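*Asks:* got a structure for you, letters missing:
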Ligand SMILES: [Zn+2]
């Protein structure tokens, strides 16, 4: 049998009982105390996107524990064992997906949509909190002619060759009260909130920054937890992500902190959650039907471990089949999902390579497992019989990349 470790069964949790309150901490999103612990993973790599220069450093990388708790008051889910001290965001952080044509197409689509909805144009300033390598803000400025301010400790100026560079300012730092003076007509925050533990405090700061400028438009994008719960895709849960939202819990946080939620929807094959809001005076009332998901989320939380077990069994069966027939396997995609998968399943000697299209990752090592990340060209030598695709949305693009190298392996999109 392939070794696969169901770490969460080592200490069974009372998922069927309520309340199982294993924690005394209040909810980070609403301050409520009706928390239910429902999923646990121990000793997982504390970072999944930091590039490590040697295998030794990758193997010795700091580890932490995950215990997900569900708040019955607001639907928020957070890792109650999260220790911010284990996380270090720096220029060595490599999260970008911008080497994928599929991703760039999506980025263009959301930029055009936001520009049209919120009238971004020359003279208007867009602020992006947690801008990463600046792809979104740059594209927004290029397409609309607006000015941009981006804040992120992982920003790399040498990689930005945009023609809109003279209209953009980048601050290589974490967002905090010291940036409350930055004024913009449009505030965006993409794939950042899930890395922040004190989410209530964070949203309060964003609201304070906007002050009484009621015309400001706010747009946040983050992973959707409803899909993760529904489908048991456990590789989407990792240490870096200390908070998890569904449409309802996100809207409740925004409303409680003085925003009116104007639009709430899913995108990118329903993997991402998008929220659009306007500042209000004090708390606002729910008015979108999709916010009403508290009971549904509670039900999904109750059957989550079952779904995870089903996913694990499927993967273990595939791994066993490959091993028995002496087949070679590769993983395509070395981001957080891969680090998370590698922490839960041991593919043994069937696994021959982990590849990624981001050239900045090649020759670097994966935290935890210590695997070296290679470029797709390495597969022409490995000639894998099967390729596990870490995000199914890239299946066609990867099939094409493989075909151009004369490869037609079995594909297992996750
Ligand atoms: Zn709550």
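*Replies:* Now that the structure is in, tell me what you want to look at. Since the model is a prediction, treat every value here as computed from it, not as a measurement.

*Asks:* What's the nearest residue in the stretch 251-400 of the chain when you look at the ion?
*Replies:* Minimum separation of the stretch 251-400 of the chain from the ion (C-beta to the ion) falls at residue 252, amounting to 7.7 Å. Bear in mind the C-beta positions are built from the backbone N, C-alpha and C, glycine included.

*Asks:* I'd say that residue and residue 74 touch.
*Replies:* Yes. Between residue 252 and residue 74 there is a contact at 4.7 Å, judged by C-beta atoms under 8 Å.

*Asks:* residues shared between the contacts of those two?
*Replies:* 29-30 (C-beta atoms under 8 Å, 6 or more residues apart in numbering).

*Asks:* Residue 410: what's its closest spatial neighbour, skipping adjacent residues?
*Replies:* Closest residue to residue 410 apart from its sequence neighbours, by C-beta to C-beta, 6 or more residues apart in numbering: residue 386 at 4.3 Å.

*Asks:* Spit out the contact partners of that neighbour.
*Replies:* 318, 322, 327-330, 409-412.

*Asks:* residue contacts, residue 410?
*Replies:* Contacts of residue 410 (C-beta under 8 Å, 6+ apart): 385-387.

*Asks:* distance of it from the ion?
*Replies:* 43 Å (C-beta to the ion, to the nearest Å).

*Asks:* And for residue 218?
*Replies:* Following C-beta to the ion, the distance that separates residue 218 from the ion is 21 Å.

*Asks:* Which parts of the stretch 51-200 of the chain are helices?
*Replies:* For the stretch 51-200 of the chain, the helices defined by DSSP state H, counting those that start in this stretch occupy 55-59, 101-118, 135-144, 199-210.

*Asks:* gap between residue 29 and the ion?
*Replies:* From residue 29 to the ion the distance is 5 Å (C-beta to the ion).

*Asks:* So residue 276: helix, strand or coil?
*Replies:* Following DSSP: H, G, I helix; E, B strand; the rest coil, residue 276 is assigned to strand.

*Asks:* Burial check on the closest residue to it other than its chain neighbours, number of neighbours?
*Replies:* Closest residue to residue 276 apart from its sequence neighbours, by C-beta to C-beta, 6+ apart: residue 263 at 4.0 Å. A count of neighbours around residue 263, defined by other C-beta atoms under 10 Å, yields 12.

*Asks:* now residue 364
*Replies:* When neighbours are counted by other C-beta under 10 Å, residue 364 comes out with 22.

*Asks:* start the count at 419, not 1, going forward
*Replies:* Done: numbering now begins at 419, and the last item shifts to residue 782.

*Asks:* Residue 699 versus that one, what's the distance?
*Replies:* Residue 782 is 49 Å from residue 699, where distance means C-beta to C-beta, to the nearest Å.

*Asks:* Same question for residue 776.
*Replies:* In terms of C-beta to C-beta, residue 776 sits 44 Å off from residue 699.

*Asks:* and those two? which has more neighbours close in?
*Replies:* Comparing residue 776 with residue 699 by other C-beta under 10 Å, the one with more neighbours is residue 776, at 20 against 9.

*Asks:* The more buried one touches residue 517, doesn't it?
*Replies:* Yes. Here residue 776 reaches residue 517: they are 4.8 Å apart, a contact under C-beta under 8 Å.

*Asks:* re the thing from before, quick one: classify the residue of the stretch 669-818 of the chain closest to the ion as helix, strand or coil.
*Replies:* Taking three-state DSSP, the label given to residue 670 is helix.

*Asks:* go on, the one 10 residues further on?
*Replies:* The three-state assignment at residue 680 reads strand, by three-state DSSP.

*Asks:* Please apply the same query to residue 759.
*Replies:* Of the three states, residue 759 takes helix under three-state DSSP.

*Asks:* Give me the spatial nearest neighbour of it, chain neighbours excluded.
*Replies:* residue 653 (4.3 Å).

*Asks:* what's the answer for residue 549, then?
*Replies:* residue 568 (3.4 Å).

*Asks:* show me the residues around the one you found that make contact.
*Replies:* Counted by C-beta under 8 Å, 6+ apart, residue 568 has contacts 545-546, 549, 552, 555, 586-589.

*Asks:* one step back: pLDDT value on the residue of the stretch 669-818 of the chain closest to the ion, please?
*Replies:* For residue 670, the pLDDT comes out at 98.

*Asks:* how far away is it from residue 586?
*Replies:* Taken as C-beta to C-beta, the span from residue 670 to residue 586 is 33 Å.

*Asks:* Pick out whichever of those two has more residues nearby.
*Replies:* Shown here are residue 670 and residue 586; by other C-beta under 10 Å, residue 670 has more neighbours (25 against 22).

*Asks:* most packed of the helices of the stretch 469-618 of the chain?
*Replies:* helix 553-562 (a mean of 23; mean count of other C-beta atoms under 10 Å).

*Asks:* For residue 635, give the beta-bridge partners.
*Replies:* Here residue 635 sits in beta bridges with residue 604, as judged by DSSP bridges.

*Asks:* likewise the one 5 residues further on?
*Replies:* According to DSSP bridges, the residues that bridge with residue 640 are residue 691.

*Asks:* Burial check on residue 826, number of neighbours?
*Replies:* 9.

*Asks:* does it count as helix, strand or coil?
*Replies:* Per three-state DSSP, residue 826 ends up coil.

*Asks:* what about the nearest residue to it once chain neighbours are set aside, distance to residue 517?
*Replies:* Spatial nearest neighbour of residue 826, excluding adjacent residues (C-beta to C-beta, 6+ apart): residue 820 at 6.8 Å. Per C-beta to C-beta, residue 820 is found 16 Å from residue 517.

*Asks:* These two: who's more crowded?
*Replies:* The residue with more neighbours, out of residue 820 and residue 517, is residue 820; 20 against 13, by other C-beta under 10 Å.

*Asks:* Of all the strand elements in this protein, which one is longest?
*Replies:* strand 453-463 (DSSP state E).

*Asks:* who does that one pair up with?
*Replies:* strand 481-489 (antiparallel).

*Asks:* what pLDDT, on average, does the partner strand get?
*Replies:* On average, strand 481-489 scores 96.

*Asks:* what's the answer for stretch 805-820, then?
*Replies:* Here the average pLDDT along stretch 805-820 is 95.
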